[in-house]
Every structure is written in structure tokens, then in C-alpha cells.
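K.L.:
the amino acid sequence is not available; the structure is as follows:
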């Protein structure tokens, strides 16, 4: 059974005159790495708020259709219960950090759910180590860099050990190196712990290589849902205005010039290997 399933899902914010998204049908299997992208205002963040029950329980409004997470209909279960299955990392990590030090921030969710002290200690230490910030546990969040804050926000979600982690543009406040490091941590968690990842991201150059599927939204609807190599060759992507990864642009330019790299690359490393293979074949 899919870990997340949306059936004919539509949502309208209170006082809004049109839906934020409409007629969404979606299945996400356990352990998948999903890249969710689309133009600003297309409904990505609003859809993510449905995964852990913030919609409709916190935001109100009109929700039609069904959202089922880990076998639970979200309209029938409170946010605190759904949060044990789905962890949401906000775009700005400062919206999630408020304690006097990193360790207390990571422990906050577990304390509110009444876990025993020993279990809280074990989970907090694990989450800090797996995100590479154990040495920061006594530091106040306001002293940290943007990348460090983002890791703390991820650790606070991981400590809950959810089956799904949803990240809403986690690299938007980071430089390219910091963004690369964060995405590699997320990918490693997906690989090692079989955590289902739903990543909302515009920086496709960095994220495309990790995705099992790319879901493209436009004007409140899902318009594409397929594996990355197929989505990035679809003309609709360019018409919508989504920036293709640079390696894909290079692949298309080379193909127009008569150079066939074979399979479309999703990273500079794949591009390099493909070019070397073409040059070796031509020399042979």
C-alpha cells in the first residue's frame, strides 16, 4: 500500500475565491525520493501542508477529496498523531527553532509526546549524529549558520523517526556548497533508513540526481509525474518556465549538434562519464 495517497484532492484557503490546488491524484510508495517542483504559487507548499494534517486542522478552509497517510485519513486524525508519521521541514529553519540550545530543540517534539527520558536521550543523540551536528548540541540556534540551522531543523524532525520527511525548499537560504551538503544528507537518510522523502525544490541542478520521480505542478494541478530523465525531455517543462538542470541543457545542445551521449545525464559526473565514453568510441 502507498505510504501517501491523494484522491481527487482539492483545497481552498479561507476567504480565497479559487482553489490553491485542484483534482490532485497522487500515490507515493514507501522509500521513494520525490522531487516536487513547479512555478512559484502553483500549490506545492499547500499540498505539503496536507501531508501532516496542517490542512485542514490548522489552516481551515475547504478540503475536498481524500488524503491518506500511512493508512490514516488525515481529516479524521489530529496533527500530533500524523506528525509521528510525517515530518515537515519548513523553508525557513528559523520558523522551527526556538529553544535555548540545539539539543533542546531536537528533543522538543519527543517531550511533548511524553516519551521516556532514556528514549528521548537515545533518539536525540542519534538524530544529531546522523545529521552531523552532534558537536553543536550545546550551541544556541541564533549562533549557527544557515546550513547548520537547516540541519538542526532536519534533526528535530528525524528524532521523531517519521516514515515520511517533507522538505519545503530546504536549500533556499544556502549557498551552493551548503545546499549540496544538505541534499546529500537527505539522500543518505533516504538510502540508509528507507525514509520516504518529498523534496520541494527549484534548484534542480542539485536535486535531480537523487530523485526517483519528478512531480511537476502548474496552476494548482499536477501536470507531470514520471522519472527524471523523461520529465526533463518533455517540452511542457520549458513551456511552464521551469529551469532545466544545466547538464540536461548541455545534453540537448550536444544532441542538436549531432553528438549522442546516450542516456540523459543528471549530474556533472554522469555527463563526464558519457562524454569520455563518446570520445573513446569515436577514437576507436
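P.N.:
Done, it's in. This is a predicted model, so every value here is computed, not measured. Numbers count the residues shown, from 1 in each chain.

K.L.:
residues contacting the spatially most central residue of the chain?
P.N.:
Centroid-nearest residue in the chain, with Cα atoms, centre = their mean: residue 199, separated by 1.4 Å. By Cβ atoms under 8 Å, 6 or more residues apart in numbering, the contact set of residue 199 is 33, 34, 35, 36, 167, 170, 183, 186, 207, 210, 211. C-beta here means a position set from N, CA and C on the backbone, and glycine is covered the same way.

K.L.:
closest one of these to residue 65?
P.N.:
residue 36 (18.0 Å; Cβ to Cβ).

K.L.:
so the closest one is in which element?
P.N.:
Applying DSSP states H and E as the criterion places residue 36 in strand 33-37.

K.L.:
helices of the stretch 1-150 of the chain, start to end?
P.N.:
44-51, 54-57, 79-82, 102-112, 117-130, 146-158 (DSSP state H, counting those that start in this stretch).

K.L.:
just say which of these is most tucked in.
P.N.:
Mean neighbour count (mean count of other Cβ atoms under 10 Å) peaks for helix 146-158 among those, with a mean of 25.

K.L.:
coming back round to it: run through who's touching the strand holding residue 36.
P.N.:
28, 44, 47-48, 187, 190, 196-202, 204, 207-208, 210-217, 228, 242.

K.L.:
how far does the longest helix along the chain sit from its chain's centre?
P.N.:
Ranked by residue count, the top helix of the chain under DSSP state H comes out as helix 176-193. Offset of helix 176-193 from its chain centre (Cα atoms, centre = their mean, to the nearest Å): 11 Å.

K.L.:
and for stretch 209-229?
P.N.:
For stretch 209-229, the distance to the chain centre is 12 Å (Cα atoms, centre = their mean).

K.L.:
then stretch 277-284?
P.N.:
Worked out by Cα atoms, centre = their mean, stretch 277-284 lies 38 Å from the chain centre.

K.L.:
ok so, going back, for the helices of the stretch 1-150 of the chain, which one sits closest to residue 252?
P.N.:
Residue 252 lies closest to helix 44-51 among these, at 25.3 Å (Cβ to Cβ).

K.L.:
helices and strands around the closest one, which ones?
P.N.:
Using 3 or more Cβ pairs under 8 Å, 6 or more residues apart in numbering; DSSP states H and E as the contact criterion, the elements in contact with helix 44-51 are strand 4-12, strand 21-28, strand 33-37, strand 62-69, strand 86-89, strand 164-168, strand 196-200.

K.L.:
partners of the fourth one in the sheet?
P.N.:
The strands beside strand 62-69 in its sheet (DSSP bridges) come out as strand 4-12 (antiparallel), strand 72-73 (antiparallel).

K.L.:
let me have those in TSV, extended by mean pLDDT, distance to residue 123 and mean neighbour count.
P.N.:
Listed next are these as TSV, based on pLDDT from 0 to 100; distance: least, Cβ to Cβ, whole Å; neighbours: other Cβ atoms under 10 Å:
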stretch	mean pLDDT	distance to residue 123	mean neighbour count
strand 4-12	97	23	19
strand 72-73	96	22	12
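
K.L.:
make TSV from the ones you listed and add distance to residue 18 to it.
P.N.:
Listed next are those as TSV, based on distance: least, Cβ to Cβ, whole Å:
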stretch	distance to residue 18
strand 4-12	7
strand 72-73	25
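
K.L.:
for the strand holding residue 36, what is the average pLDDT?
P.N.:
Strand 33-37 comes out with an average pLDDT of 96.

K.L.:
and if you look at stretch 143-150?
P.N.:
In this model, stretch 143-150 carries a mean pLDDT of 88.

K.L.:
use 127 as the first number for this chain going forward.
P.N.:
All right, first residue 127 from here; so that's stretch 269-276.

K.L.:
so how far is it off the chain centroid?
P.N.:
19 Å.

K.L.:
residues making contact with it?
P.N.:
Contacts of stretch 269-276 (Cβ under 8 Å, 6+ apart): 215, 219-220, 223, 228, 259, 262, 267, 278, 296-297, 299-300, 304, 307-308.

K.L.:
rerun that using 7 Å as the cut-off
P.N.:
Stretch 269-276 has contacts (Cβ atoms under 7 Å, 6 or more residues apart in numbering) with 219-220, 223, 259, 262, 267, 278, 296, 299-300, 304, 307-308.

K.L.:
I figured residue 200 hits residue 179, correct?
P.N.:
Yes - Residue 200 is in contact with residue 179 according to Cβ atoms under 7 Å; the separation is 4.7 Å.
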